[in-house]
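Enquirer: no sequence for this one, just the structure:
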(Lines give C-alpha, C1' and ligand atoms only; values in the text may rest on other atoms or scores of the structure.)
Protein backbone atom coordinates (compact mmCIF):
# COMPACT_ATOMS: atom_id res chain seq x y z
CA UNK A 1 0.00 0.00 0.00
CA UNK A 2 1.47 3.34 -1.04
CA UNK A 3 2.00 5.50 2.04
CA UNK A 4 0.88 8.72 0.35
CA UNK A 5 -2.50 7.43 -0.86
CA UNK A 6 -4.04 8.98 2.27
CA UNK A 7 -2.73 12.38 1.18
CA UNK A 8 -5.15 12.37 -1.80
CA UNK A 9 -8.11 11.12 0.23
CA UNK A 10 -7.72 7.35 0.64
CA UNK A 11 -7.07 7.18 4.39
CA UNK A 12 -9.53 4.28 4.82
CA UNK A 13 -7.93 2.13 2.11
CA UNK A 14 -6.40 -0.64 4.25
CA UNK A 15 -6.78 -3.97 2.45
CA UNK A 16 -5.09 -5.28 -0.67
CA UNK A 17 -8.46 -6.40 -2.06
CA UNK A 18 -9.73 -2.81 -1.88
CA UNK A 19 -6.62 -1.54 -3.66
CA UNK A 20 -6.89 -4.20 -6.37
CA UNK A 21 -10.49 -3.22 -7.04
CA UNK A 22 -9.54 0.45 -7.21
CA UNK A 23 -6.68 -0.23 -9.63
CA UNK A 24 -9.01 -2.31 -11.80
CA UNK A 25 -11.48 0.59 -12.06
CA UNK A 26 -8.66 3.01 -12.95
CA UNK A 27 -7.51 0.75 -15.80
CA UNK A 28 -11.08 0.36 -17.06
CA UNK A 29 -11.94 4.08 -16.84
CA UNK A 30 -8.81 6.16 -17.49
CA UNK A 31 -9.04 9.93 -17.80
CA UNK A 32 -5.55 10.16 -19.32
CA UNK A 33 -3.72 7.43 -21.23
CA UNK A 34 -0.26 7.76 -22.78
CA UNK A 35 1.93 5.27 -24.64
CA UNK A 36 5.69 5.19 -25.15
CA UNK A 37 8.61 2.82 -25.68
CA UNK A 38 10.59 2.18 -22.52
CA UNK A 39 14.34 1.80 -22.05
CA UNK A 40 14.13 -1.95 -22.83
CA UNK A 41 12.32 -1.35 -26.13
CA UNK A 42 8.94 -2.55 -24.78
CA UNK A 43 5.62 -0.74 -24.87
CA UNK A 44 5.03 1.45 -21.81
CA UNK A 45 1.51 2.53 -20.82
CA UNK A 46 0.75 5.33 -18.37
CA UNK A 47 -2.87 5.40 -17.21
CA UNK A 48 -4.26 8.09 -14.89
CA UNK A 49 -7.67 8.45 -13.30
CA UNK A 50 -8.42 11.77 -11.57
CA UNK A 51 -10.55 11.91 -8.42
CA UNK A 52 -10.63 15.67 -8.64
CA UNK A 53 -9.20 18.18 -11.08
CA UNK A 54 -5.82 17.97 -9.32
CA UNK A 55 -5.47 14.60 -7.57
CA UNK A 56 -5.51 11.08 -8.99
CA UNK A 57 -3.71 7.77 -9.29
CA UNK A 58 -1.35 6.82 -12.12
CA UNK A 59 -0.89 3.18 -13.07
CA UNK A 60 2.07 2.17 -15.25
CA UNK A 61 2.68 -1.10 -17.05
CA UNK A 62 2.02 -2.92 -20.32
CA UNK A 63 -0.97 -4.19 -22.28
CA UNK A 64 -0.43 -7.89 -22.95
CA UNK A 65 -3.27 -7.70 -25.46
CA UNK A 66 -6.18 -5.34 -26.04
CA UNK A 67 -7.98 -6.30 -22.80
CA UNK A 68 -5.25 -7.56 -20.46
CA UNK A 69 -3.11 -5.00 -18.63
CA UNK A 70 -0.07 -5.99 -16.58
CA UNK A 71 0.67 -3.39 -13.89
CA UNK A 72 4.28 -2.60 -13.08
CA UNK A 73 3.63 0.04 -10.41
CA UNK A 74 1.22 2.78 -9.34
CA UNK A 75 1.45 6.01 -7.38
CA UNK A 76 -0.80 8.85 -6.17
CA UNK A 77 -0.39 12.01 -8.20
CA UNK A 78 -1.02 15.67 -7.40
CA UNK A 79 -0.67 18.22 -10.18
CA UNK A 80 0.93 21.59 -9.50
CA UNK A 81 -0.09 24.80 -11.24
CA UNK A 82 2.94 27.06 -11.02
CA UNK A 83 6.42 26.79 -12.54
CA UNK A 84 8.83 26.26 -9.64
CA UNK A 85 12.22 26.26 -11.36
CA UNK A 86 13.80 26.84 -14.76
CA UNK A 87 17.07 25.12 -13.85
CA UNK A 88 18.22 22.26 -16.07
CA UNK A 89 16.95 18.86 -14.84
CA UNK A 90 18.75 15.56 -15.31
CA UNK A 91 16.48 12.51 -15.37
CA UNK A 92 17.61 9.10 -14.11
CA UNK A 93 15.77 5.79 -14.00
CA UNK A 94 15.06 4.05 -10.70
CA UNK A 95 16.57 0.58 -10.32
CA UNK A 96 13.39 -1.37 -9.62
CA UNK A 97 11.08 -0.36 -12.47
CA UNK A 98 10.43 2.05 -15.33
CA UNK A 99 10.03 5.07 -13.07
CA UNK A 100 12.31 8.09 -13.03
CA UNK A 101 13.71 10.79 -10.77
CA UNK A 102 14.42 14.38 -11.73
CA UNK A 103 17.65 15.85 -10.36
CA UNK A 104 18.16 19.60 -10.26
CA UNK A 105 20.87 21.86 -8.81
CA UNK A 106 18.55 24.51 -7.42
CA UNK A 107 20.78 27.24 -6.00
CA UNK A 108 18.05 28.70 -3.79
CA UNK A 109 17.95 25.54 -1.67
CA UNK A 110 21.61 24.82 -1.13
CA UNK A 111 20.91 21.10 -1.70
CA UNK A 112 20.37 19.01 -4.82
CA UNK A 113 16.65 18.82 -5.50
CA UNK A 114 15.41 15.32 -6.37
CA UNK A 115 11.79 14.64 -7.27
CA UNK A 116 9.60 11.81 -8.61
CA UNK A 117 8.88 12.37 -12.31
CA UNK A 118 5.15 12.49 -13.10
CA UNK A 119 5.22 12.57 -16.92
CA UNK A 120 7.34 9.49 -17.69
CA UNK A 121 5.64 8.76 -21.03
CA UNK A 122 6.33 12.33 -22.21
CA UNK A 123 9.98 11.92 -21.25
CA UNK A 124 10.33 8.56 -23.04
CA UNK A 125 8.72 9.94 -26.21
CA UNK A 126 10.91 13.04 -26.15
CA UNK A 127 14.03 10.95 -25.59
CA UNK A 128 13.19 8.69 -28.54
CA UNK A 129 13.14 11.77 -30.79
CA UNK A 130 15.94 13.94 -29.38
CA UNK A 131 18.15 11.34 -27.65
CA UNK A 132 20.98 12.68 -25.51
CA UNK A 133 20.27 16.28 -26.60
CA UNK A 134 17.00 16.26 -24.66
CA UNK A 135 16.46 19.55 -22.83
CA UNK A 136 13.80 20.85 -20.50
CA UNK A 137 12.58 24.43 -20.17
CA UNK A 138 10.75 24.52 -16.84
CA UNK A 139 9.56 22.24 -14.05
CA UNK A 140 6.27 22.33 -12.13
CA UNK A 141 6.77 20.90 -8.65
CA UNK A 142 4.11 19.54 -6.33
CA UNK A 143 4.22 17.63 -3.07
CA UNK A 144 2.13 15.22 -1.00
CA UNK A 145 2.20 15.20 2.79
CA UNK A 146 0.78 12.84 5.41
CA UNK A 147 1.71 14.91 8.46
CA UNK A 148 1.94 18.65 8.90
CA UNK A 149 1.17 21.54 11.20
CA UNK A 150 0.48 25.24 10.92
CA UNK A 151 2.85 27.70 12.62
CA UNK A 152 2.35 31.42 13.10
CA UNK A 153 4.54 33.77 11.04
CA UNK A 154 7.52 35.73 12.33
CA UNK A 155 6.60 39.33 13.08
CA UNK A 156 8.58 41.81 10.95
CA UNK A 157 8.50 45.53 10.31
CA UNK A 158 8.95 47.04 6.84
CA UNK A 159 12.67 47.62 7.29
CA UNK A 160 13.25 44.01 8.31
CA UNK A 161 11.28 42.81 5.28
CA UNK A 162 13.42 44.97 2.96
CA UNK A 163 16.63 43.70 4.56
CA UNK A 164 15.47 40.09 4.24
CA UNK A 165 14.77 40.57 0.53
CA UNK A 166 18.12 42.30 0.00
CA UNK A 167 19.97 39.50 1.81
CA UNK A 168 18.08 36.88 -0.18
CA UNK A 169 19.04 38.43 -3.52
CA UNK A 170 22.66 38.75 -2.45
CA UNK A 171 22.73 35.14 -1.23
CA UNK A 172 21.30 33.86 -4.54
CA UNK A 173 23.89 35.89 -6.45
CA UNK A 174 26.73 34.42 -4.37
CA UNK A 175 25.34 30.88 -4.80
CA UNK A 176 25.25 31.30 -8.58
CA UNK A 177 28.80 32.66 -8.59
CA UNK A 178 30.04 29.88 -6.30
CA UNK A 179 28.53 27.28 -8.59
CA UNK A 180 30.62 28.72 -11.42
CA UNK A 181 33.78 28.40 -9.31
CA UNK A 182 34.14 31.95 -7.97
CA UNK A 183 36.47 31.55 -4.95
CA UNK A 184 35.53 34.93 -3.43
CA UNK A 185 31.84 33.95 -3.52
CA UNK A 186 32.63 30.61 -1.86
CA UNK A 187 34.57 32.41 0.88
CA UNK A 188 31.76 34.93 1.39
CA UNK A 189 29.20 32.13 1.73
CA UNK A 190 31.42 30.33 4.23
CA UNK A 191 31.72 33.48 6.38
CA UNK A 192 27.98 34.04 6.05
CA UNK A 193 27.30 30.53 7.37
CA UNK A 194 29.68 31.08 10.30
CA UNK A 195 27.97 34.37 11.23
CA UNK A 196 24.54 32.76 10.89
CA UNK A 197 25.52 29.84 13.14
CA UNK A 198 26.92 32.22 15.74
CA UNK A 199 23.76 34.35 15.71
CA UNK A 200 21.43 31.36 16.04
CA UNK A 201 23.53 29.83 18.84
CA UNK A 202 23.14 33.00 20.90
CA UNK A 203 19.45 33.63 20.21
CA UNK A 204 18.30 30.03 20.67
CA UNK A 205 19.22 30.23 24.37
CA UNK A 206 16.34 32.65 24.97
CA UNK A 207 14.06 32.22 21.92
CA UNK A 208 12.16 29.40 20.24
CA UNK A 209 13.95 28.18 17.11
CA UNK A 210 10.87 28.79 14.93
CA UNK A 211 10.93 32.47 15.86
CA UNK A 212 14.45 32.62 14.40
CA UNK A 213 14.29 30.29 11.41
CA UNK A 214 11.65 31.54 8.98
CA UNK A 215 11.78 28.61 6.55
CA UNK A 216 13.88 25.57 5.71
CA UNK A 217 14.12 22.79 3.12
CA UNK A 218 16.15 19.68 3.97
CA UNK A 219 16.27 15.98 3.02
CA UNK A 220 14.20 13.69 5.23
CA UNK A 221 14.78 9.99 5.86
CA UNK A 222 16.50 7.64 3.43
CA UNK A 223 14.28 8.33 0.40
CA UNK A 224 15.98 10.86 -1.86
CA UNK A 225 12.76 12.60 -2.95
CA UNK A 226 11.35 13.20 0.54
CA UNK A 227 11.99 16.39 2.49
CA UNK A 228 11.24 18.14 5.73
CA UNK A 229 10.13 21.70 5.01
CA UNK A 230 8.77 24.85 6.55
CA UNK A 231 7.53 27.70 4.42
CA UNK A 232 5.10 30.56 4.16
CA UNK A 233 1.58 29.81 2.89
CA UNK A 234 0.82 32.00 -0.13
CA UNK A 235 -2.55 30.55 -1.17
CA UNK A 236 -5.05 27.94 0.09
CA UNK A 237 -7.69 25.82 -1.61
CA UNK A 238 -9.97 23.14 -0.15
CA UNK A 239 -11.12 20.32 -2.43
CA UNK A 240 -12.86 16.96 -2.08
CA UNK A 241 -11.94 13.50 -3.33
CA UNK A 242 -14.96 12.71 -5.51
CA UNK A 243 -14.86 9.00 -4.64
CA UNK A 244 -14.15 8.95 -0.89
CA UNK A 245 -15.56 12.42 -0.10
CA UNK A 246 -12.54 13.16 2.10
CA UNK A 247 -11.46 16.80 2.31
CA UNK A 248 -8.01 17.81 1.08
CA UNK A 249 -6.11 21.02 1.78
CA UNK A 250 -4.01 22.46 -1.05
CA UNK A 251 -1.44 25.11 -0.16
CA UNK A 252 0.96 27.12 -2.27
CA UNK A 253 4.09 27.25 -0.13
CA UNK A 254 7.25 29.36 -0.34
CA UNK A 255 10.10 27.42 1.25
CA UNK A 256 13.57 28.96 0.89
CA UNK A 257 12.21 30.95 -2.10
CA UNK A 258 11.16 27.74 -3.89
CA UNK A 259 7.43 27.94 -4.62
CA UNK A 260 5.36 24.77 -5.03
CA UNK A 261 1.96 23.30 -4.13
CA UNK A 262 1.42 20.90 -1.22
CA UNK A 263 -1.58 18.56 -0.83
CA UNK A 264 -2.47 17.10 2.56
CA UNK A 265 -5.51 15.28 3.92
CA UNK A 266 -7.46 17.56 6.26
CA UNK A 267 -7.25 14.77 8.89
CA UNK A 268 -3.44 14.97 8.90
CA UNK A 269 -3.08 18.75 9.27
CA UNK A 270 -2.78 20.25 12.75
CA UNK A 271 -3.87 23.88 13.03
CA UNK A 272 -5.82 26.28 10.85
CA UNK A 273 -4.12 27.20 7.55
CA UNK A 274 -4.25 30.85 6.54
CA UNK A 275 -2.33 32.94 4.04
CA UNK A 276 0.75 34.37 5.78
CA UNK A 277 1.06 31.55 8.28
CA UNK A 278 3.66 28.80 7.84
CA UNK A 279 3.33 25.13 6.96
CA UNK A 280 5.75 22.69 8.59
CA UNK A 281 5.78 19.05 7.58
CA UNK A 282 7.34 16.15 5.71
CA UNK A 283 6.66 15.89 1.99
CA UNK A 284 7.12 13.59 -1.02
CA UNK A 285 8.20 15.78 -3.93
CA UNK A 286 6.84 15.18 -7.43
CA UNK A 287 7.42 17.14 -10.61
CA UNK A 288 6.29 17.55 -14.19
CA UNK A 289 9.07 18.55 -16.57
CA UNK A 290 8.11 20.72 -19.56
CA UNK A 291 10.29 19.68 -22.47
CA UNK A 292 11.52 21.73 -25.40
CA UNK A 293 9.53 21.14 -28.60
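Expert: All right, it came through fine. Predicted, not measured: the structure shown is a model, and the values here were computed from it.
Enquirer: Helices of this structure, start to end?
Expert: Using DSSP state H, the helices of the chain run over 16-28, 120-130, 158-179, 183-203.
Enquirer: Most tightly packed of the ones you listed?
Expert: Highest mean neighbour count of the helices of the chain: helix 120-130, a mean of 17 (counted as mean count of other Cβ atoms under 10 Å). To be clear about C-beta, it is placed using only N, CA and C from the backbone, and glycine gets the same treatment.
Enquirer: give the contact list for the nearest residue to residue 280 once chain neighbours are set aside.
Expert: Distances taken as Cβ to Cβ, 6 or more residues apart in numbering place residue 230 nearest to residue 280, at 4.2 Å, with adjacent residues excluded. Shown in contact with residue 230 (Cβ atoms under 8 Å, 6 or more residues apart in numbering): 151, 210, 213-216, 255, 278-280.
Enquirer: so where's the stretch 1-150 of the chain uncertain?
Expert: 66, 131-134 (pLDDT under 70).
Enquirer: Strands of that one, residue ranges please.
Expert: Along the stretch 1-150 of the chain, the segments classed as strands by DSSP state E, counting those that start in this stretch run 32-37, 43-50, 55-63, 69-78, 83-85, 89-93, 100-105, 112-117, 136-151.
Enquirer: With distance to residue 108 as added columns, please give the helices of the chain in CSV.
Expert: Below are the helices of the chain laid out as CSV (distance: least, Cβ to Cβ, whole Å):
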stretch, distance to residue 108
helix 16-28, 36
helix 120-130, 24
helix 158-179, 6
helix 183-203, 13
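Enquirer: for those helices, which one sits closest to residue 43?
Expert: The closest of the helices of the chain to residue 43 is helix 120-130. By Cβ to Cβ, the value is 10.4 Å.
Enquirer: quick revisit: between the contacts of residue 230, which sits nearest residue 28?
Expert: residue 279 (36.5 Å).
Enquirer: show me the contacts for residue 99.
Expert: 60, 73, 75, 93, 116-117, 120.
Enquirer: can you pick the most crowded of the residues you listed?
Expert: residue 116 (24 neighbours; other Cβ atoms under 10 Å).
Enquirer: Mind listing the residues bridging to that one?
Expert: residue 101, residue 286 (DSSP bridges).
Enquirer: What's the separation between residue 104 and residue 120?
Expert: According to Cβ to Cβ, to the nearest Å, residue 104 and residue 120 sit 17 Å apart.
Enquirer: Actually, residue 252.
Expert: Distance from residue 252 to residue 120, by Cβ to Cβ: 25 Å.
Enquirer: and what of residue 70?
Expert: 16 Å.
Enquirer: Check residue 185 too.
Expert: Distance from residue 185 to residue 120, by Cβ to Cβ: 37 Å.
Enquirer: Also residue 84?
Expert: 19 Å.
Enquirer: can you check residue 97 too?
Expert: 10 Å.
Enquirer: Overlap of the contact sets of these two?
Expert: In contact with both residue 97 and residue 120: residue 60, using Cβ under 8 Å, 6+ apart.
Enquirer: Across the sheet, point out what pairs with the spatially closest residue to residue 39 that is not a sequence neighbour.
Expert: Leaving aside its sequence neighbours, residue 39 sits nearest to residue 93 (Cβ to Cβ, 6+ apart; 6.3 Å). When assigned by DSSP bridges, residue 93 has beta-bridge partners residue 100.
Enquirer: Residue 40 is in contact with residue 93, correct?
Expert: No. Using Cβ atoms under 8 Å, residue 93 is not in contact with residue 40; the gap is 10.5 Å.
Enquirer: Residue 217: what's it in contact with?
Expert: Contacts of residue 217 by Cβ under 8 Å, 6+ apart are 109, 111, 227, 229, 231, 255-256, 258.
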